[in-house]
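[1] Sequence first, then the predicted structure:
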Number of protein chains: 2
Amino acid sequence: MNIYDSASTALLTDLYELTMMQGYYLYGRNTDVVFDMFFRKPPFGGGYAVFAGLEPLVRALTKFRFDDEQLSYLSGLGLFKDEFLRFLSTLRFRGDLYAVEEGELVFPGEPLLRVHARMIEAQMIESILLNIINFQTLIATKTARIVEASGDRAVSEFGLRRAQGIDGALSAARAAFVGGAASTSNLLAGKIFGLPVQGTMAHSWVMTFSSEQDAFARYARLYPGHTILLVDTYDTLRQGIPAAIMVFKKLKAAGRKNFGLRLDSGDLEYLSKRARGLLDAAGLKEAKIVASNELDEYIIEELVNKGSPIDIFGVGTKLVTAYDDPALTGIYKLVARKAGKTFVPVIKLSNNPEKTTSPHIKNVMRLYDKEGSMLGDQVFLESERRSLERRAARRLPMVFYHPEYSYESLAMADYADGKVLLRPIMKNGEPVYEFPGLPVLQKRTRSNLQRLHPSFRRLLNPHVYKVSLTKKLIDTKIRMIKKYS
Amino acid sequence: MNIYDSASTALLTDLYELTMMQGYYLYGRNTDVVFDMFFRKPPFGGGYAVFAGLEPLVRALTKFRFDDEQLSYLSGLGLFKDEFLRFLSTLRFRGDLYAVEEGELVFPGEPLLRVHARMIEAQMIESILLNIINFQTLIATKTARIVEASGDRAVSEFGLRRAQGIDGALSAARAAFVGGAASTSNLLAGKIFGLPVQGTMAHSWVMTFSSEQDAFARYARLYPGHTILLVDTYDTLRQGIPAAIMVFKKLKAAGRKNFGLRLDSGDLEYLSKRARGLLDAAGLKEAKIVASNELDEYIIEELVNKGSPIDIFGVGTKLVTAYDDPALTGIYKLVARKAGKTFVPVIKLSNNPEKTTSPHIKNVMRLYDKEGSMLGDQVFLESERRSLERRAARRLPMVFYHPEYSYESLAMADYADGKVLLRPIMKNGEPVYEFPGLPVLQKRTRSNLQRLHPSFRRLLNPHVYKVSLTKKLIDTKIRMIKKYS
């Protein structure tokens, strides 16, 4: 059921990848190339994205192969020569992969992943790479925003029923955890990824018994160690909460501490304040209040700002579908190809200038101040890595150019540290990187977010984080644009 | 890789289903019940939804079982008694399922599916039922809107790289076909569901060769039977189209007919008109123009209205993610439970009155005029089915009540036919319905849409289709609301 572990992700690709691959094969064009994956704007109008999906991607790449059934399907399409299909039967991904680590913050215009491979292999993995990284990065980012808005309250993901398909739910649960969610309601995700699972009762439980009181009492008898009662089946204030309070008093008398109620409709600010008042008046200060019902970061921020005494936010639809911006439009572009013994840069121009790619083999250096806060990123050519690292070691100024008005620049001198972001993840098709567990990734995300000034994390209209190409990279790009114009 | 065929969808559920199931089991509450699935508003601000996902759902239900590995996971959570886990090991879905057929149009407030089962089984299938039906219905509906906007032009789905996970792409390809898409780019979806696949080249193909001309010529040599050239890698009008025209002339001279170009950036109205002019001037009237680049139904409608000479629309992100409304918020509610020998209605009230459910065992009768156009739907109690069918046979007036202002009503007398929508699909856990193939479903969707007046199909602010509860059902609902208030 872990579809990434399935034997046959090879066909999970677009037909045009295969028609191109056959062309490269038959024309002897299977040269060494380099592809970059990047995105052009942060989702949700936000200031950053949280990179996620690397481990599932690497698992998929290591298993990439065409089996007989798939080859016979391809053969039936009438587009492919037997010679090419025989070649496909032995094809594996044997390239190198460089990537940012999961939980790292990433920004528009910088490479998140870089693939060095033969043209056919690099092309073969495009669709699955984009599918996995786009979606998981999107959901990790959405969750980080929701967690940011929630302050120190816990966020539980329970979007399975509204997710976009089965894997829409599974991958979302994983990415939500990377982004900061405390738990998921999805048992299969819990099992596959080892995530904490959470959940108590639905309205149907309450409706099955002759009274709400009876439904609550029976639930508490069964689950005295964790008793969250859903109080809005009939009338929250007049029936649900009073019935819940009677049950909580008994639990408390029996020495139980982990109980509370869930509000799933009505005005959550008003009801949570009224509920808190009723609970406190009943001497139940330890009773928790869980709130759900189409929550997102904006509603949560408003509830928190208004002092709503909510302890846990349950978030479903808006989180797992990234409701207000449901696709990260990350792209995967050829940036260099081998000509003779060296790599030469290639470029994709566009009638939309912002869609023109940055050519050649690149990496990213992130600069930090002495408190560890992020200052800005330099996208550089790997060929200038040594000189850049030397500059950084000596704290020489780094020049940042405005992304559109390149005559605008500033020299950054007050940095204390520089870190290169793209690391080797696979070498000749084999993983060379040790994947940390998901709890480590969640901590890493949190720690990275703390290193980003709050103005960049603002939900609306955030400050724009500085990402600059180096002078040498800008020169390369302009030279190539002129060549084709 | 067809995840619906996987052995173990059982754990694809929310934890609270299991905690409730254990409660029903231990308290001897596993009575016969009836659940409805319905939604409260059509997606995209539209006037209808296209029902889809039934066959995948039934496949999943027939395979629903907890295996040892899953039971051992559940055991490790420390919430479940051995007795209950042993019970789960033998648990299958043995209930009855009634549903609307795929490709049928559906509207807010009417049941799309109805489950008759023991409480535990009915609860067990909630999450997967909602996940599959919500998503596929959403995407079939989105596609129907895009196809509507496209008029007689073909729509190709190519959203794999932006879909919400792997199944987000697979299920979306299936549902898009039900909704009217001519093809998918996704090879795995093509293989699993037998869909037509489509696709030619990416920018990387063009960038691999020393010139666009060379890239095009080589592609045409390899795929002369279907040659769509992507013309915007460097400069669409000055380089891409002239290079493509040279290739098309050769193809034409060789007797080929199936060729054209794809525009993937820039102003599509302007470029398609310029391209058409250049192609026609070169004597290439048969050359097709394919357009793509973040298209949705609104952009397509505008392009069509402005007479853009585009033959095929390629739609990705906005289709497979249902971008502007990425979740159908369908719900699954208990409506009746057996007390003694008969079923008694149950209701869920709410502080939001529109969230109060319609109780009891219901079905839907759709009324048509003599041209076969849809007039309105009566949601009725199964107990009044005979009398309703007799009324319909004698063309006696049917009363429609306004959904909110029930003192407003109209008597519909001019109908010519009435059809009951929910049919038996599973009996005692076994399918009793023959699933038509996807091409039949696509035709059915098209035919159903033709039976719906265009004012209901308008993209923006459509006419509201009439769905009324019968008098008897309204009386039942009001009686129950009063009982709990």
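    Thanks, I have the structure now. Residues are numbered from 1 along each chain as shown, chains lettered A, B, ... in the order given.
[2] What's the first helix or strand after the longest helix seen in chain A?
    As assigned by DSSP state H, the longest helix anywhere in chain A is helix A:126-150. Next helix or strand after helix A:126-150 toward the C-terminus (DSSP states H and E): strand A:154-157.
[3] Which neighbouring elements make contact with that next one?
    For strand A:154-157, the packing partners by 3 or more C-beta pairs under 8 Å, 6 or more residues apart in numbering or on different chains; DSSP states H and E come out as helix A:126-150, helix A:165-179, strand A:183-184, strand A:312-315. Heads up, the C-betas are built off the backbone N, CA and C, glycines and all.
[4] could you redo the last one with a cut-off of 10 Å?
    Using 3 or more C-beta pairs under 10 Å, 6 or more residues apart in numbering or on different chains; DSSP states H and E, the elements in contact with strand A:154-157 are helix A:126-150, helix A:165-179, strand A:183-184, strand A:288-291, strand A:312-315, helix A:317-320.
[5] So for B:Tyr323, which of those sits nearest?
    Distance to B:Tyr323, taken as C-beta to C-beta, is lowest for helix A:126-150 among the helices and strands packed on strand A:154-157, at 12.4 Å.
[6] quick one on the thing from earlier: deepest of the helices and strands packed on strand A:154-157, which one?
    Comparing the helices and strands packed on strand A:154-157 by mean neighbour count (mean count of other C-beta atoms under 10 Å in any protein chain shown), helix A:165-179 ranks first with a mean of 30.
[7] That one near chain B at all?
    Yes - judged by C-beta under 10 Å from any C-beta of the partner chain, helix A:165-179 and chain B are in contact via A:Gly165, A:Ile166, A:Asp167, A:Gly168, A:Ala169, A:Leu170, A:Ser171, A:Ala172, A:Arg174, A:Ala175.
[8] pLDDT averaged over that helix, what's the number?
    On average, the pLDDT along helix A:165-179 is 94.
[9] now that helix: how far from the chain's centre is it?
    9 Å (C-alpha atoms, centre = their mean, to the nearest Å).
[10] what does stretch A:160-176 give?
    The answer for stretch A:160-176 is 12 Å, by C-alpha atoms, centre = their mean.
[11] can you tell me which residues contact the residue nearest to A:Lys318 when sequence neighbours are not counted?
    The shortest distance from A:Lys318 to any non-neighbouring residue, by C-beta to C-beta, 6 or more residues apart in numbering or on different chains, is to A:Asp296 (3.9 Å). With contact set as C-beta atoms under 10 Å, 6 or more residues apart in numbering or on different chains, A:Asp296 has these partners: A:44, A:142, A:145-146, A:149, A:313, A:315, A:317-319, A:322-324, A:459.
[12] Now stretch A:316-331: average pLDDT?
    Stretch A:316-331 comes out with an average pLDDT of 95.
[13] same question but for stretch A:375-388, I mixed them up
    96.
[14] which SS state does the residue nearest to A:Phe44 when sequence neighbours are not counted fall under?
    Excluding the flanking residues, the one nearest A:Phe44 by C-beta to C-beta, 6+ apart is A:Asp325, at 4.9 Å. Following DSSP: H, G, I helix; E, B strand; the rest coil, A:Asp325 is assigned to coil.
[15] roughly how far apart are A:Asp325 and A:Ala169?
    Distance check for A:Asp325 against A:Ala169: by C-beta to C-beta, to the nearest Å, it reads 19 Å.
[16] Also A:Leu85?
    35 Å.
[17] what does A:Met246 give?
    36 Å.
[18] Tell me where the model's unsure across chain A.
    Scanning chain A for pLDDT under 70 picks out the ranges A:1-8, A:351, A:485.
[19] which ones are touching the spatially most central residue of it?
    Central residue of chain A (C-alpha atoms, centre = their mean): A:Thr137, 2.2 Å from the mean position. Residues in contact with A:Thr137 (C-beta under 10 Å, 6+ apart) are A:37, A:39, A:43, A:49-54, A:100, A:102, A:106, A:112, A:175, A:178-179, A:328, A:330.
[20] again with A:Asp417
    A:Arg366, A:Leu367, A:Tyr368, A:Asp369, A:Lys370, A:Gly372, A:Leu375, A:Ala392, A:Ala393, A:Arg395.
[21] Dihedrals phi and psi, the fourth one?
    The one in question is A:Asp369. Dihedral angles of A:Asp369 (phi, psi; degrees, to the nearest 10) stand at phi -90, psi -180.
[22] again, but for the first one
    Summarising the backbone geometry of A:Arg366 under the convention degrees, to the nearest 10, its torsions are phi -100, psi 130.
[23] so it bridges to which residues?
    Note on A:Arg366: beta-bridge partners by DSSP bridges are A:Asp377, A:Lys419.
[24] How many neighbouring residues does it have?
    A:Arg366 has 23 neighbouring residues, counting by other C-beta atoms under 10 Å in any protein chain shown.
[25] how near is it to A:Lys443?
    18 Å.
[26] do A:Asn428 as well
    Distance, A:Asn428 to A:Lys443, by C-beta to C-beta: 31 Å.
[27] Can you show me the helices along the stretch 251-400 of chain A?
    Along the stretch 251-400 of chain A, counting by DSSP state H, counting those that start in this stretch, helices occupy A:268-281, A:297-305, A:317-320, A:385-393.
[28] Please identify the most buried of these.
    helix A:317-320 (a mean of 27).
[29] so what does that one touch, helix or strand wise?
    So helix A:317-320, by 3+ C-beta pairs under 10 Å, 6+ apart, packs with helix A:126-150, strand A:154-157, helix A:165-179, helix A:297-305.
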